[in-house]
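Colleague: Here is the input, now give the coordinates:
(2 chains)
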Amino acid sequence: MKAENEMTLTFPSRSSNESFARAAVACFAAQLDPNLEELNDIKTAVSEAVTNCIVHAYRDCLGTVTIRCRILPESVLDIVIRDKGCGMEDVEKARAPMYTTGGPERSGMGFTIMESFMTSLQVTSKPGRGTTVHMKRKIVQRRKNA
Amino acid sequence: MNLTSFLQDKHLTVALRGEIDHHSAKDIMRVLGNKIDLYLPRVCVLDFREVTFMDSSGIAIVISCVRRMRQLRGEVVLRSVPPQPMKVLKASGIERIATLEDERSLVHES
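Modeller: The predicted model follows:
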């Protein structure tokens, strides 16, 4: 599908970049004129995916996180968040609510939130190679001639 | 991390503020735990009115607070939660373990 606009962002997996990443995606999404709830849903889902890269994929090291955002026809925001970290053996298990390998500091709700806050979520992962999270969110078009 | 709090009648109220994510959660969890251990409250009230963003890291904060308060046979109340953090909290079914204030159906089960 041909993108109407796109941007790519790469940054090291430092936790201080979590707020930067979700704010940057929200700024890009703003051109679709989302309402506050849609914008917050997108920020929350991006925050979860980026946190996974930092906490899990690059658990004991610094690595690169790449975000690619595209605007597809019919007001769909398409987000791909990719790392080249440790990857996962069992994606289905990781997606289950409350499942976490992150200890008491993590709730295990990251994928559940991405899934319920976005229109679609696809996760692919290879142990030792990394993980790709592909999310889409349709933005409801309200008033054309404001 | 500087969390404003006050204690009255064994109720410890802690005002959370700003953006709560994995980056900020560790400090919040530590400071909150220290306050509970210091004051040994019967009720711990987490006030969310100045929280501008929260992801699932905030759920982990509430869960750790509930765990600590259960050891004291106390309870946790979540007060004045704005819509964005509320949506995240509800996605996790947090109302099963903590009381959401400003709501008609108050549920508390320990």
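
Colleague: B:Val77 in helix, strand or coil?
Modeller: strand (DSSP: H, G, I helix; E, B strand; the rest coil).

Colleague: Return the residues in contact with it.
Modeller: Residues near B:Val77 by Cβ atoms under 8 Å, 6 or more residues apart in numbering or on different chains: B:Val43, B:Cys44, B:Val45, B:Leu46, B:Ala98, B:Thr99, B:Glu101. The way it works is simple: take the backbone N, C-alpha and C, and place the C-beta from them, glycine included.

Colleague: Swap in 6 Å and give it another go.
Modeller: The contact partners of B:Val77, by Cβ atoms under 6 Å, 6 or more residues apart in numbering or on different chains, come to B:Val45, B:Thr99, B:Glu101.

Colleague: near chain B, which residues of chain A show up?
Modeller: Residues of chain A lying close to chain B (Cβ under 6 Å from any Cβ of the partner chain) are A:15-16, A:18-19, A:40, A:44, A:47-48, A:51, A:105-107, A:109-110, A:113, A:116.

Colleague: Tell me which residue is most central in the chain.
Modeller: Picking chain A for this. Among the residues of chain A, the one closest to the centroid is A:Val46, at 3.5 Å (Cα atoms, centre = their mean).

Colleague: Chain B was what I was after
Modeller: B:Leu46 (3.8 Å).

Colleague: quick one: the helix or strand encompassing it to chain centroid distance?
Modeller: Using DSSP states H and E, B:Leu46 maps to strand B:43-54. Remark: strand B:43-54 is offset 6 Å from the chain centroid, using Cα atoms, centre = their mean, to the nearest Å.

Colleague: buried residues in that strand?
Modeller: For strand B:43-54, a neighbour-count test (16 or more other Cβ atoms under 10 Å in any protein chain shown) marks B:Val43, B:Cys44, B:Val45, B:Leu46, B:Asp47, B:Phe48, B:Val51, B:Phe53, B:Met54 as buried.

Colleague: do the same with stretch B:61-75
Modeller: B:Ile61, B:Val62, B:Ile63, B:Ser64, B:Cys65, B:Val66, B:Arg68, B:Met69, B:Leu72, B:Gly74, B:Glu75.

Colleague: farthest-separated two in these?
Modeller: B:Ile61 and B:Leu72 (17.2 Å; Cβ to Cβ).

Colleague: Show me where chain B has its helices.
Modeller: B:22-39, B:57-71, B:83-91 (DSSP state H).

Colleague: most packed of those?
Modeller: Among the helices of chain B, helix B:57-71 has the highest mean neighbour count (mean count of other Cβ atoms under 10 Å in any protein chain shown), at a mean of 21.

Colleague: Alpha carbons only: can I get the helix or strand bottoming out on mean pLDDT in chain A in PDB?
Modeller: Lowest on mean pLDDT, DSSP states H and E among the helices and strands of chain A sits helix A:91-95, with a mean of 93. Taking Å, rounded to 0.1, in the frame of the first residue of the first chain, the C-alpha atoms of helix A:91-95 are listed here in PDB:
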ATOM      1  CA  VAL A  91       5.600 -14.900  21.000                       C
ATOM      2  CA  GLU A  92       2.200 -16.200  22.000                       C
ATOM      3  CA  LYS A  93       3.300 -16.800  25.500                       C
ATOM      4  CA  ALA A  94       4.800 -13.200  25.700                       C
ATOM      5  CA  ARG A  95       1.500 -11.800  24.400                       C
END
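
Colleague: Now do stretch A:8-21: distance from first to last residue.
Modeller: Distance between the two ends of stretch A:8-21: 11 Å, counting by Cα to Cα, to the nearest Å.

Colleague: Tell me the gap between that stretch and the middle of its chain.
Modeller: Chain-centre distance of stretch A:8-21: 12 Å, with Cα atoms, centre = their mean.

Colleague: For that stretch, buried residues please.
Modeller: Using 16+ other Cβ under 10 Å as the test for burial, stretch A:8-21 gives A:Leu9, A:Phe11, A:Ser13, A:Ser15, A:Asn17, A:Glu18, A:Ser19, A:Ala21.
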